[in-house]
Structure formats: C-alpha cells, structure tokens
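Student: no sequence on hand, only this structure:
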C-alpha cells in the first residue's frame, strides 16, 4: 500500500510544530507539572489558530478534514505538552465527536460553533468508583419527573470537569438489571445546583484536573439528553459509535510522547561522557536507541494505518484496538528505557525524563485498559 501525507497534512504538521515552539516550549509542561495551575490561555490559543475546527463540517464553523488529521494533531501536541494534548482530546475528540455524531440538530447548532471557537469546554463522565473497565456496571441514575430528570450518583476520573462548562454524563435511566438497554447520556451544565466537583491529585497532569463529580438530586431538562428524547435508553450505542475516536487518538498521543523521549535520549547520549567518550559510542547504547526508534516506527504505522482505514470507511475496530494496545505498552517500555539511559539524572526532578515516565502510565488506562483491548482483539480472531 502506498501511503503519503497530503500537502495540506504536511502543512498542518508544521503549523502545530510552530505553535508548540511558540506556546509549549520544552519547559512549559515542567512548569505546569510543578504548579498544577490550569493554563486557560492555551486552550484559547489553540482555538485562535484553528486547531479545534479541523475535522468538523463547515456548517458548524469547521474546516472539514478527517480522523487522520486529528491523529496528526494529537501526535504533535503530545510531543510537547501532556496538558495540551489531553485538553484537545477531551474537548474536540471525545466531546466534540460525540456531539457531532450523536447530538440532535439543535444541540449541534448550539454547542459545536462555540466549542470550535474556544468558547466552551467539556468533560466526559463515565467511570465510577466501582465501574471502570466494566462500564455497564455504572450506578449513577436519572429518574424522570415530567419533562425533567433527577440525577444521583458519583463519577470518578472525569478529566477537565473543574474547568468545563458542560459535563457529558452517562447514567442509567431504566432497571439496573438491563443496564445495557437503559443507559442514557446527558449534557449537564457544570454549574448546575446539586453538582459538586473535586479535583483528584494525580501522579502527573494535575494542571488538567481529573475530578470526582457528585450528583445529588441534580435536575436537568430532557432537552439535555444527547441526541434528544428519542435516544433515551440508547446511550450504550452512542458510546460504541465514538469509542474508536478516543482509542486511536490515545495511540497517537503515545506516539508523540515516545518520539520526544527518543529525541532527548539521543541528545543526552551524544553529550554524556563516560570512560573518556560519549556514551552513544558504546554499542549497547546504540542498540538501545535503535530498538526504541524501530518500535516507534511500528507505533507510527499501526496508528496511521488504523486512522486511514477509519477515514475511508473501512471496518477497523480491531486495528484501532491493536494500535492503542501496542502504542500504550510501547510508550511505557520506552519511558522506562529512557530512565535507564539517563541513569541517576533520570531520577532527578531537574530532568524531564522522570515526568515522561509518570505521564506514560495514564495511557495504559485511557481509552480502556490493555486487557480490554486484548478482549476486543480476541473476538476478531
């Protein structure tokens, strides 16, 4: 198969490289890691250069494009800023694609233009204290009262909830015994009465907070059901329709992170002196770097190929799960190898390698654990 990026896609890559050099220089994420302060201006700057518009139809203010364009954006952002890439993924890929593909006409017309302009931020609440990989075990419920619903329950690991305008919330709206047929998704205003949001301290990425969200008799209108009233009790189908976007973009972010680790390891090996010469002169170091580079190329082509399949309408859920599995596991391997290459310096907070290691662990869970990906892949064999 012949594959080459278009001139527009090459220009898009360079546009993000220039943006990151200007707005997310190498120590930008280090400062966020230390302060834990959300960089609200960064989201606006991403909107100002049109990053949020790519892959959306022109009728909502988008500039068209496809999933491969989104993958290229995620890869390049991840090379520079963990915060930037997850801010992009949660708002544009998770929430944006869910509203675009599953929302009602009125929801799309109202919310998407504001999202693409950077005027709205979203978060996505599915996971609960006792429901992670087993999403069908959620307990948060919405009880109907006329034209409104009362939501009660607790969500966990809701990324961006503390800084969002809306929380896309997955709930039960029918008997728990039939949860797969009784899930619904609500677009919940984040300032609703009865809603409380508490950031959860994390190993990394605290500048983009993951939160516990509690719903206590929180009332919401039926018009806030994703897709409208016709989609009541059909939320699981909506989740399936958008799961591919999340997983392929997690794979792309892993690719970008791994590329940065290799770059910094190579630069370090060229300057670090031991026994009278730079350590890159030693065959063992050359082999380590060569192995990292080879595995990164495998990450790239698995991710690009899966994205290409999605962009041309081919069935590709297996390939997307394979890419997500391989890329997340490989990123963690490469981060650990990076720590070894940096030696004692890798353990020092003065160097970025320890942060790359801490950041890599999230990829093992985001978009579904490695075990979940293997379960899906096995069903295709």
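Tutor: Perfect, thanks for sending it. All figures in this text were calculated on a predicted structure; none of them were measured in a lab. Numbers count the residues shown, from 1 in each chain.
Student: how about the contacts made by residue 309?
Tutor: 315-316, 319 (CB atoms under 8 Å, 6 or more residues apart in numbering). C-beta: built from backbone N, CA, C; applies to glycine.
Student: quickly find the element holding it.
Tutor: Per DSSP states H and E, residue 309 falls inside helix 283-311.
Student: buried residues in the following helix or strand past that helix?
Tutor: With elements assigned by DSSP H and E, the helix or strand that comes after helix 283-311 is helix 317-342. Neighbour counts using 16 or more other CB atoms under 10 Å place 317-332, 334-335, 337-339, 341-342 of helix 317-342 among the buried residues.
Student: coming back round to it: let me know the closest of the contacts of residue 309 to residue 270.
Tutor: Nearest to residue 270, judged by CB to CB, of the contacts of residue 309 is residue 319 at 36.3 Å.
Student: so what's the gap between the longest helix seen in the chain and the chain middle?
Tutor: The residue-count maximum for a helix in the chain (DSSP state H) belongs to helix 235-271. Distance of helix 235-271 from the chain centroid (CA atoms, centre = their mean, to the nearest Å) equals 9 Å.
Student: tell me the strands beside the helix or strand following that helix, with direction?
Tutor: Per DSSP H and E, the first helix or strand lying C-terminal to helix 235-271 is strand 273-274. According to DSSP bridges, strand 273-274 forms sheet pairs with strand 277-278 (antiparallel).
Student: where along the stretch 51-200 of the chain do the strands fall?
Tutor: 122-125, 141-145, 148-159, 166-172, 183-189, 195-199 (DSSP state E, counting those that start in this stretch).
Student: follow-up on the earlier one: rounded mean pLDDT for the longest helix of the chain, please.
Tutor: Across helix 235-271, pLDDT averages out at 95.
Student: buried residues in that helix?
Tutor: Neighbour count says helix 235-271 has 235-236, 238-239, 242-262, 264-265, 268-269 buried, by 16+ other CB under 10 Å.
Student: repeat that for stretch 206-213.
Tutor: 206-213.
Student: then stretch 271-284?
Tutor: Buried-residue list, stretch 271-284, by 16+ other CB under 10 Å: 272, 279-280.
Student: got it, and stretch 307-317?
Tutor: Of all the residues in stretch 307-317, those buried under the rule 16+ other CB under 10 Å are 307-311, 316-317.
Student: same check, this time on stretch 218-227
Tutor: Applying 16+ other CB under 10 Å to stretch 218-227 flags 218, 220, 222, 224-227 as buried.
Student: stretch 134-141 too?
Tutor: Buried, per 16+ other CB under 10 Å, within stretch 134-141: 135, 138, 140-141.
Student: dump those to TSV, plus distance to residue 81.
Tutor: Output for the buried residues of stretch 134-141, formatted as TSV (distance: CB to CB, whole Å):
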residue	distance to residue 81
135	29
138	31
140	32
141	37
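Student: so which of those residues comes closest to residue 362?
Tutor: Nearest to residue 362 among the buried residues of stretch 134-141: residue 135, at 17.9 Å, using CB to CB.
Student: which residue is the nearest non-sequential neighbour of the closest one?
Tutor: residue 126 (6.0 Å; CB to CB, 6 or more residues apart in numbering).
Student: can you report how many residues lie near that neighbour?
Tutor: 22 (other CB atoms under 10 Å).
Student: ok, residue 200 - contacts?
Tutor: For residue 200, counting by CB under 8 Å, 6+ apart, the contacting residues are 156-157, 209-212.
Student: for residue 123, same thing?
Tutor: 90, 95, 158-161, 164, 166-168, 190, 211.
Student: please redo it, this time with the cut-off set to 10 Å
Tutor: Residue 123 is in contact with 90-91, 94-95, 155, 158-169, 188, 190, 197, 209-211, 213, counting by CB atoms under 10 Å, 6 or more residues apart in numbering.
Student: how about residue 213, secondary structure?
Tutor: What DSSP: H, G, I helix; E, B strand; the rest coil gives for residue 213 is strand.
Student: find the nearest non-adjacent residue to it, please.
Tutor: residue 155 (4.4 Å).
Student: these two touch, right, the one you found and residue 129?
Tutor: Yes - contact criterion CB atoms under 10 Å: residue 155 and residue 129 qualify, at 8.8 Å.
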